[in-house]
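Engineer: need a 3D model of the sequence below.
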Amino acid sequence: MAVLIKGVEKGSIAYKNGIMAGDTLVMINGEEINDMLDLQFYQANKNLTAELVCADGHRRTVLIKNKDEYDTLGLEFETYLIDKHHHCKNKCMFCFIDQLPKGLREPLYFKDDDERLSFLFGNYVTLTNLTQKEFDRIKKVRISPINVSVHTTNPQLRVEMMKNPRACEIMDRMKEFAAADIKMNCQIVLCKGVNDGEELKRTIRDLQSLYPAVQSVSIVPIGLTRYRDGLVKAETFDSEAAKEVIELVYNATEDFYRQHGTRLIYLSDEFYLNAGYDIPDADYYEGFPQIENGVGMVCTFIDNFVDDMNYNETAKCDVAVDIATGESFYPVLCKMTDMAMEKYGDKVKIYVHKVKNEFFGGNVSVTGLLTGTDLVKQLKGNLRTDRLCLCRDVLSDNADIFLDDMTVPQLESQLGTNVEFYSCDGYDLLSGILKEV
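Structural biologist: Numbers count the residues shown, from 1 in each chain. This is a model prediction of the structure:
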């Protein structure tokens, strides 16, 4: 396969060697270039032979010598990956995309299962949609670590949960990666009465057996919306069920910790919040290898908030602010803001509002999935100040727009207030609260 070059960065290696937009890159050092991973891997050499087809149709070979090994060529393509995203063909019982209502933005319904996004951006892949050629490429170009959605290591149960006959191959594929020294971070979406209990114990044992190739595992609870018509019945983890999961994982990992110096397997913060337990301290998370999966995120948020509060001994001016958050984080945020108000006295007034996610049916309690519709419905007339702080996670990655397509200006207009955003970080929240306005 050859890839069309859409642009060349001025002053880059490609520019200096006469490579132009409209040329087609065929090979580097005799290896086909199909996508961004191929390009990144094969251009990481000091000496390159690039084979191209020019816009006028004639073939050309470019010799590049003595470049810095990790310098890029400076090529631009139609998409970042060069190739199209790989689509997921599974019908997982826990898939959140299958639980979205109709009428949202089209990109929200795309299900990726792309090993390249796993390496480049930390996405998780099931390994069920890869060809043998793609498996071999992972080992050859050393896509490591790769993030694997495991869910269960029971072959029959995994097929049942994912509705893909190739789901049964999970342990064989992971052993293949381990033998090739490919490191793996794993994820388990836990479904009550399905892959928990004895099945979870089995999965934990199997993943522990692959250590150190498996270098971390997160366990997150299934997220359920009200839009599950036609999908298999599923339950959320209430307080008692969350406590049972915490106890099971603790018992299954402590011996491993004593033997290897790592717990390897961690529960997401939601389990502790649902159980009403305190979040473990920072040492428990061993460097937070799974923080992007919500494992230890609350711990770091609290620690950063307290550190910044200790640094800012006094408030520089009188401030008053409303903050809205999801149900699960509400008790934690109340404790943090109470500490701040106690420290700064009458100079700081913080009003925390708990917003129920009615848009998704009430079972989704994380802040990042709040919609503008619910914010308006539940906050209108209840705000105490002219400033509303929200976590930036409620917005889409590339635009200031909520999941339900409400824009930030529309939210401000309907609530009659200024809306400010903070990153999911305690430092950023406190600095945002204390800033002079």
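
Engineer: residue farthest from the centroid of this structure?
Structural biologist: Residue farthest from the centre of the chain, counting by CA atoms, centre = their mean, is residue 58 at 44.1 Å.

Engineer: any idea how far residue 75 is from residue 46?
Structural biologist: 18 Å (CB to CB, to the nearest Å). C-beta coordinates here come from the backbone N, C-alpha and C atoms, glycine included.

Engineer: the more surrounded of these two?
Structural biologist: residue 75 (24 against 12; other CB atoms under 10 Å).

Engineer: surely the more buried one and residue 20 touch.
Structural biologist: No. Counting by CB atoms under 8 Å, residue 75 does not reach residue 20; the two are 10.4 Å apart.

Engineer: next, show the common contact partners of these two.
Structural biologist: 5, 8 (CB atoms under 8 Å, 6 or more residues apart in numbering).

Engineer: chain center to stretch 367-385, what's the gap?
Structural biologist: Here stretch 367-385 is found 25 Å from its chain centre; the criterion is CA atoms, centre = their mean, to the nearest Å.

Engineer: in the protein, which helix or strand is least confident?
Structural biologist: helix 115-121 (a mean of 47; mean pLDDT, DSSP states H and E).

Engineer: and the following helix or strand past it, what's buried?
Structural biologist: Downstream of helix 115-121, the next assigned helix or strand under DSSP states H and E is helix 132-140. By 16 or more other CB atoms under 10 Å, the buried positions in helix 132-140 come out as 135, 137-138.

Engineer: how about stretch 272-282?
Structural biologist: 272-275, 279-280.

Engineer: I'd like the average pLDDT over it.
Structural biologist: Average pLDDT, stretch 272-282: 94.

Engineer: kindly export it (C-alpha atoms) in CSV.
Structural biologist: Output in CSV follows, covering the C-alpha atoms of stretch 272-282 (Å, rounded to 0.1, in the frame of the first residue of the first chain):
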residue,chain,number,x,y,z
TYR,A,272,-14.8,3.1,46.8
LEU,A,273,-17.2,6.0,46.3
ASN,A,274,-20.2,3.6,45.8
ALA,A,275,-19.2,1.7,48.9
GLY,A,276,-18.8,4.8,51.0
TYR,A,277,-15.1,3.9,51.7
ASP,A,278,-12.2,6.3,51.8
ILE,A,279,-10.1,6.4,48.7
PRO,A,280,-6.7,4.7,49.3
ASP,A,281,-3.7,7.0,49.7
ALA,A,282,-1.2,7.7,46.9
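
Engineer: identify all contacting residues around that stretch.
Structural biologist: Contacts of stretch 272-282 (CB under 8 Å, 6+ apart): 221, 237-239, 242-243, 246, 269, 288, 296, 298-300, 302-303, 328-329, 331-332.

Engineer: the lengthiest helix in the chain packs against which elements?
Structural biologist: The single longest helix within the chain, with elements called by DSSP state H, is helix 239-260. Contacts defined by 3 or more CB pairs under 8 Å, 6 or more residues apart in numbering; DSSP states H and E place helix 239-260 against helix 197-209, strand 214-221, strand 265-267, helix 269-275.

Engineer: repeat the analysis, applying 6 Å as the threshold.
Structural biologist: helix 197-209, helix 269-275 (3 or more CB pairs under 6 Å, 6 or more residues apart in numbering; DSSP states H and E).

Engineer: pretty sure residue 163 sits against residue 93.
Structural biologist: No. In this structure, residue 163 is not within contact of residue 93 by CB atoms under 6 Å, at 7.9 Å.

Engineer: in terms of neighbours, single out the busier of those two.
Structural biologist: residue 93 (21 against 15).

Engineer: might you list the low-confidence residue ranges for this protein?
Structural biologist: Counting by pLDDT under 70, the chain contains low-confidence ranges at 1, 80-88, 105-122, 398, 436-437.

Engineer: thanks a lot, see you next time.
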